[in-house]
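J.: no sequence on this one, just coordinates:
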């Protein structure tokens, strides 16, 4: 199939290029709409209790629930009860309540001055509200422009969940733009260094543009019919450019090698696609399979990376085996630097083509025997056991911190210390009784638990339930239709945010009610998770059912969903990888070895990530705040991406080793020659891809720093330590067993295997 495709491409290259150009234009125009349909969330399990609580509130209380927007108003007179501060506070409350999309506005001044909304120093007060609709970020931005800053004698700043989410999204967008400005110039310079000509260096960029534009088109289509996270753009740009570079490097290098062996341009293109193109296709499938494991998780944040990753990988692969060979066919020898073309030997006459090819092959083999990576492989294979044991122990030592991994959800601390939303949230936690900004809902449904059709809520039982909740360790107070409760006792109306006279429709509707729990602890912590378990253990009475919501409950539910499905994701990755590598190599041992070595590499990488981002080492250098936890989704996401990229390099190396083994039948020689012929390509591709990921290290949002730095480290470690040291060591130790398979599997491979060897040349038999 690849041979026929390659021959069609070299015969009609301009048709292929015209079609590619048309695709890019259409994808760019239509795909630009992706930014309008992508969502900013996706960190919750749709079937979890915390999500169901939010759904009930949205359905029955007009997106009701605990306040999601908090305004911190500081009186420049030093007293929030000063007449001028009171007047301006009332005006601020009214202006906020009149703003489109803002509901349930309460403030220190509108609620009769409850102590819970007044700072300990008396110079600050809170205004609470909720934002409804799907445009929270835009509403927050408009509110900040109109009501932020000086409002009479009040100085107003914004905090709360919506404000934090808005600043995170702004930080992601600005960080992406900055990362591209940093990565692209460095990538261009290195591409020129690697390819040695402007024309050749432009090829990966063209392939990358096709992959990225095509993925934006796919995300627009998917985002129009299902929830897709805006964070997919991170992976689309980084992985699209990185894989385009990988695939282009491999195919162009093979093309130059074939031309150097005396083939014509057309024959060299066809042979390159038959060999390197097949390897690229297998590599793309392994990366896509790794990313497809993310589809089983209920969090659409993770599924989004599967959508974007699979799309960009397959598009990069298709562009590499269609558009790239068409470009090579048109450019011919012009892909090389001018000085190389002047030095080039003329193509042998027809009668001596075979001899010329054989001579060129001999020269190439001699050059391979003198190369850096050949010397590394030979050196390692002289002492394979001590090198294998030593490197393995080092990697296990580096991975040891991963044993104390602790996960959480993103909160205000992922933002820089200069962030207004973070400053306000932390200030409220320190200067106000309880953490009003972190209040969360508990939904109560009457008897049948079906959203209110089972009858009216028993108000006496509801009040008793609120009192019971307020006695739980870690709860500052509980607020509901019957007022506020602290330590099991009701709080006087004048000391509460609300009272019995408050609008009961806010809290109770048709057999459904909700209570607001104000925590006295940091909810994104072990104590916060225990608080959720304790609250869920209390019976609401009267045959009612309860649903605990909020960020701490979401963390508990997310961890449960991930832990339940993670083993299945690992099984999917392992089984499909083993099958693909067996089909390529015909070996039972090599696929197992590849899995083990990749796990070693990733263990060391994740250990480093815990040491840096969880424990806080290098936090000053990288400019982030360590929280003692890592975002729940990141280890899974990074594992699937890093594993796929590791297998990408493994396939590149194994394909050349297998080709040499089929030609020579010598295990040690084939390993050395295979590493020499791919070592420069893999290391160059890894450096280029690492630069793209490292650019995310400049991000304003800490989980983007983790994403970028972690993947850069994984790519570099895999391309050097694993491919340069452990692969030749283990393949030397295994010897001829590398290529062994039971007779039944051998027959299966002969019939269905994916091999580059001509018929009758498989020495593994």
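T.: Okay, I see it. Fair warning: this is a prediction, and the values are worked out from it, not measured in the lab. Numbering: from 1, shown residues only.
J.: which residues does residue 434 contact?
T.: By C-beta atoms under 8 Å, 6 or more residues apart in numbering, residue 434 lies in contact with 116, 476, 477, 518, 519, 520. In short, each C-beta sits where N, CA and C put it, glycine included.
J.: okay, strands next: where are they in the stretch 451-600 of the chain?
T.: Using DSSP state E, counting those that start in this stretch, the strands of the stretch 451-600 of the chain run over 475-480, 483-486, 489-490, 508-509, 512-519, 545-548.
J.: sorry, that was for the chain
T.: Here the chain has its strands, by DSSP state E, at 69-75, 102-107, 124-131, 149-151, 154-159, 407-408, 440-445, 475-480, 483-486, 489-490, 508-509, 512-519, 545-548, 630-631.
J.: residue 327 is nearest to which of those?
T.: Evaluated with C-beta to C-beta, the strands of the chain place strand 630-631 nearest to residue 327, the distance being 40.3 Å.
J.: and the closest one, which strands flank it?
T.: When sheet partners are counted by DSSP bridges, strand 630-631 sits next to strand 407-408 (parallel).
J.: Throw the strands of the stretch 451-600 of the chain into CSV and include distance to residue 381, thanks.
T.: Below are the strands of the stretch 451-600 of the chain laid out as CSV (distance: least, C-beta to C-beta, whole Å):
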stretch, distance to residue 381
strand 475-480, 64
strand 483-486, 72
strand 489-490, 77
strand 508-509, 74
strand 512-519, 60
strand 545-548, 59
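J.: out of the ones you listed, which is closest to residue 264?
T.: strand 545-548 (70.8 Å).
J.: what helices or strands is the closest one leaning on?
T.: Contacts defined by 3 or more C-beta pairs under 8 Å, 6 or more residues apart in numbering; DSSP states H and E place strand 545-548 against helix 49-60, strand 440-445, helix 526-536.
J.: looking at the strands of the stretch 451-600 of the chain, which is nearest to residue 439?
T.: Of all the strands of the stretch 451-600 of the chain, strand 512-519 sits nearest to residue 439, with 4.7 Å by C-beta to C-beta.
J.: what mean pLDDT does that closest one have?
T.: Computed over strand 512-519, the mean pLDDT rounds to 90.
J.: what residues sit buried inside that strand?
T.: 512, 513, 514, 515, 516, 517, 518, 519 (16 or more other C-beta atoms under 10 Å).
J.: burial check on the closest residue to the fourth one other than its chain neighbours, number of neighbours?
T.: It refers to residue 515. Using C-beta to C-beta, 6 or more residues apart in numbering and skipping the chain neighbours, the partner closest in space to residue 515 is residue 480 (4.2 Å). Using other C-beta atoms under 10 Å, residue 480 has 27 neighbouring residues.
J.: tell me where the model's unsure across this protein.
T.: The chain contains residues with pLDDT under 70 at 62-65, 134, 336-370, 448-455, 492-504, 755-765.
J.: the nearest residue to residue 592 once chain neighbours are set aside: what's it in contact with?
T.: In this structure, residue 592 finds its nearest non-sequential neighbour in residue 578, 7.1 Å apart by C-beta to C-beta, 6+ apart. Each residue near residue 578 by C-beta under 8 Å, 6+ apart is listed here: 591, 592, 595.
J.: isn't the first one up against residue 576?
T.: It refers to residue 591. No. The pair residue 591 / residue 576 is not scored as a contact, 10.6 Å apart, by C-beta atoms under 8 Å.
J.: comparing these two, which shows the higher neighbour count?
T.: residue 591 (22 against 17).
J.: what sits against the more buried one?
T.: Residue 591 makes contact with 577, 578, 581, 582, 585, according to C-beta under 8 Å, 6+ apart.
J.: how about residue 118?
T.: 80, 108, 124, 125, 126, 432.
J.: what about the helices in the stretch 501-650 of the chain?
T.: For the stretch 501-650 of the chain, helices defined by DSSP state H, counting those that start in this stretch occupy the ranges 526-536, 551-585, 589-609, 619-622, 633-664.
J.: out of these, which is closest to residue 146?
T.: It's helix 551-585; of the helices of the stretch 501-650 of the chain, that one is closest to residue 146 (C-beta to C-beta) at 27.7 Å.
J.: give me the nearest residue to residue 37, chain neighbours excluded.
T.: Once flanking residues are discounted, residue 37 sits nearest to residue 223: 3.5 Å by C-beta to C-beta, 6+ apart.
J.: ok, residue 209 touching residue 24?
T.: Yes. Using C-beta under 8 Å, residue 209 is in contact with residue 24, at 6.3 Å.
J.: nearest to the middle of the protein, which residue? Look it up for me.
T.: Central residue of the chain (C-alpha atoms, centre = their mean): residue 637, 5.0 Å from the mean position.
J.: who's in contact with the closest residue to that residue other than its chain neighbours?
T.: Among residues not flanking residue 637 along the chain, residue 305 sits closest, at 5.7 Å (C-beta to C-beta, 6+ apart). The contact partners of residue 305, taken as C-beta under 8 Å, 6+ apart, are 229, 231, 232, 235, 291, 294, 637, 640, 641.
J.: swap in residue 491?
T.: Residue 491 neighbours (C-beta under 8 Å, 6+ apart): 477, 483, 484, 485.
J.: and residue 587, how close does it get to residue 677?
T.: 19 Å (C-beta to C-beta, to the nearest Å).
J.: and the residue nearest to residue 741 when sequence neighbours are not counted, how many neighbours?
T.: Excluding the flanking residues, the one nearest residue 741 by C-beta to C-beta, 6+ apart is residue 588, at 4.9 Å. When neighbours are counted by other C-beta under 10 Å, residue 588 registers 19.
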